[in-house]
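Chemist: just a sequence and a predicted model for now, questions to come.
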Amino acid sequence: MDDERLGTIIADRYQLDRVLGRGGMGVVYEGTHKWTQRKLAVKVLQPHVAHSEIAVKRFFQEARAAAALSHPNVVDVLDLGLDDAGDAYIVLELLAGESLEDRLRREGSLSPTDTLDILLPILDALGLAHEHGIIHRDLKPANIFLARDARGRLVPKLLDFGVAKLLERVDANISSPKTRPGAMLGTVHYMAPEFVLHDDAVTRQCDVWSMGVVLYRCLSGALPFEAAANTTLLVMIASTDHKPLAVRAPDVPPGIVVAVEGALRRELSERYAKVDELVAALLAAADASGVELAAATRIAAIASITPPGGDDTEAPSGRGSGDDTIAD
């Protein structure tokens, strides 16, 4: 069915040239703008969910969530809508490169330098999302793309806000469709314990945990929790301690290990409350350990922990308060 669309034109202007990937909700095509001839990525809602009002709202929520963030490390959303046939579509910038998942499968693990050069810019983008009241909820290597710009420079991109929660805040006109009871969204290996136990307990600290898992995997080549069955895995995440990163990756500098473990604290009062606390801890650890970072990485990291007034924020000595819960 997906291949039958090839060569067709969506919304009178986007020709679908080839399939780039398939997900639970949408198919992503490489496309060409009919008038400008620009190459684009066109995500079209899968036919089996296209008639679900909730699915369409969530599909467009992804585009609106990403479009709300003007950030170099978030994929650009260029257009969205319904064409004359009723097909829901999102048009995104076409990225050249590979996902972090693909690189990890090929290389196993990454050096501290490569890990931080990839993930500190992503953490900066995630911090901006949180400032906009957006929690990603599906952070994993498959949703981090290692794009290359026209000069071949690495530009990590945060993808797929398809299950993002737009927090309902008094100070912002942001809302989202409520998740139906019992609908657990996201990828199990990267889920925070509190979300496993209460799937409506969606907080910024859930994203902090997920990024802790991504950091752990990049540095060690393994996941904190692994099991053959998802039910067993969920129980492990909710109730057991993971093998320490220092054991899995003894060559990683101790300061970076401590910073990563701070994102994987089961108790919310001990886990970083905000992304910028994790960024500050990683940056301080890198400096103390002599881990060299790309200039662009350092600039992004410093921007993440610098308040609007311009004074640098010190790396946190403790953890967050854990009172960051905003319920449905």
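Modeler: Structure received. As the structure is a prediction and not an experimental result, all values here were calculated from the model.

Chemist: three-state assignment of the residue positioned nearest the centre of the chain?
Modeler: Closest to where the C-alpha atoms of the chain average out (Cα atoms, centre = their mean) is Leu139, at 3.7 Å. At Leu139 the chain is in coil, as set by DSSP: H, G, I helix; E, B strand; the rest coil.

Chemist: excluding its backbone neighbours, what's nearest it?
Modeler: Excluding its sequence neighbours, the residue lying closest to Leu139 (Cβ to Cβ, 6 or more residues apart in numbering) is Ser210, at 3.9 Å. For every residue, glycine as well, the C-beta is placed using N, CA and C.

Chemist: tell me who's in contact with that neighbour.
Modeler: Counting by Cβ atoms under 8 Å, 6 or more residues apart in numbering, Ser210 touches 136, 138-140, 186, 190-192.

Chemist: could you check how far it is from Ser52?
Modeler: 26 Å (Cβ to Cβ, to the nearest Å).

Chemist: same deal with Ala301?
Modeler: Counting by Cβ to Cβ, the gap from Ala301 to Ser52 is 40 Å.

Chemist: more crowded one of these two?
Modeler: Ala301 (23 against 13; other Cβ atoms under 10 Å).

Chemist: can you confirm the more buried one is in a strand?
Modeler: No. Under three-state DSSP, Ala301 sits outside any strand and is assigned helix.

Chemist: wait, it sits on Leu293?
Modeler: Yes. Distance between Ala301 and Leu293: 7.5 Å, which falls inside the contact criterion (Cβ atoms under 8 Å).

Chemist: hey, what's in contact with both of those two?
Modeler: Jointly contacting Ala301 and Leu293 under the rule Cβ under 8 Å, 6+ apart are Leu120.

Chemist: ok so, going back, if I look at the residue nearest to Leu139, what pLDDT would I see?
Modeler: We have a pLDDT of 96 for Ser210.

Chemist: which element, helix or strand, includes it?
Modeler: According to DSSP states H and E, Ser210 maps onto helix 204-220.

Chemist: ok, now Ala65?
Modeler: helix 53-67.

Chemist: list the contacts of whichever helix or strand comes after the helix holding Ser210.
Modeler: Going down the chain from helix 204-220, the next helix or strand is helix 230-239, by DSSP H and E. Here helix 230-239 makes contact (Cβ under 8 Å, 6+ apart) with 188-189, 191-193, 196-197, 225-227.

Chemist: could you do stretch 4-15 as well?
Modeler: The contact list for stretch 4-15 (Cβ under 8 Å, 6+ apart) reads 16-19, 27, 29, 31-35, 40, 42, 44, 79, 81, 83-84, 87, 89, 91.

Chemist: neighbours of Asp73, how many?
Modeler: Check again: residue 73 is Asn, not Asp. Neighbours of Asn73 under the rule other Cβ under 10 Å: 23.
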